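Participant: Predicted model follows, preceded by the sequence.
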Amino acid sequence: MEYDCQRCGACCCNTNENREEGFIYYVEVDPRSPLLKKPALKARYVMEDPEGNPHMRLREDGSCVALVGSPGERVGCGIYLQRPRGCRRVEPGDRACLTARYERFGWGPRVG
């Protein structure tokens, strides 16, 4: 099966487990990230947890604010070149990808 990230975006959404626990901090941003060195980008895309650790900001629906488009349709990343390491680690068809696709859309097998 071929996985088209630009027609999905499920991995750009907070996980069910995090949402159930009320955990609103999804992807952590490395303190050395270029994203944090650009004040306008940092203000728009980053929030800090109570301990001061930077994370990508989420919308009310649990999707990342950098996600452009509608999950499950046509999507892209508004900060692709500056995206955090956690985002770079997800590969099309890997466990994180399949879990996100199943949780968000019910697509594919349940991975657990």
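Facilitator: The structure has been received and is ready for your questions. Predicted, not measured: the structure shown is a model, and the values here were computed from it. Numbering: from 1, shown residues only.
Participant: On the three-state scheme, Arg88 is what?
Facilitator: helix (DSSP: H, G, I helix; E, B strand; the rest coil).
Participant: what's the spacing between it and Cys64?
Facilitator: 13 Å (Cβ to Cβ, to the nearest Å). (C-beta placed from N, C-alpha, C; glycine too.)
Participant: wait, what's in contact with Ile79?
Facilitator: By Cβ atoms under 8 Å, 6 or more residues apart in numbering, Ile79 lies in contact with Leu35, Leu41, Tyr45, Ala66.
Participant: got any residues that touch both of Arg88 and Cys64?
Facilitator: By Cβ under 8 Å, 6+ apart, no residue touches both Arg88 and Cys64.
Participant: okay, these two: which has more neighbours?
Facilitator: Summary of the neighbour comparison: Arg88 and Cys64, criterion other Cβ atoms under 10 Å, with Cys64 having more neighbours (26 against 9).
Participant: quick one: that one from Val75, how far?
Facilitator: Separation of Cys64 from Val75 (Cβ to Cβ): 10 Å.
Participant: so what sits against both of those two?
Facilitator: By Cβ under 8 Å, 6+ apart, Cys64 and Val75 have these common neighbours: Cys12.
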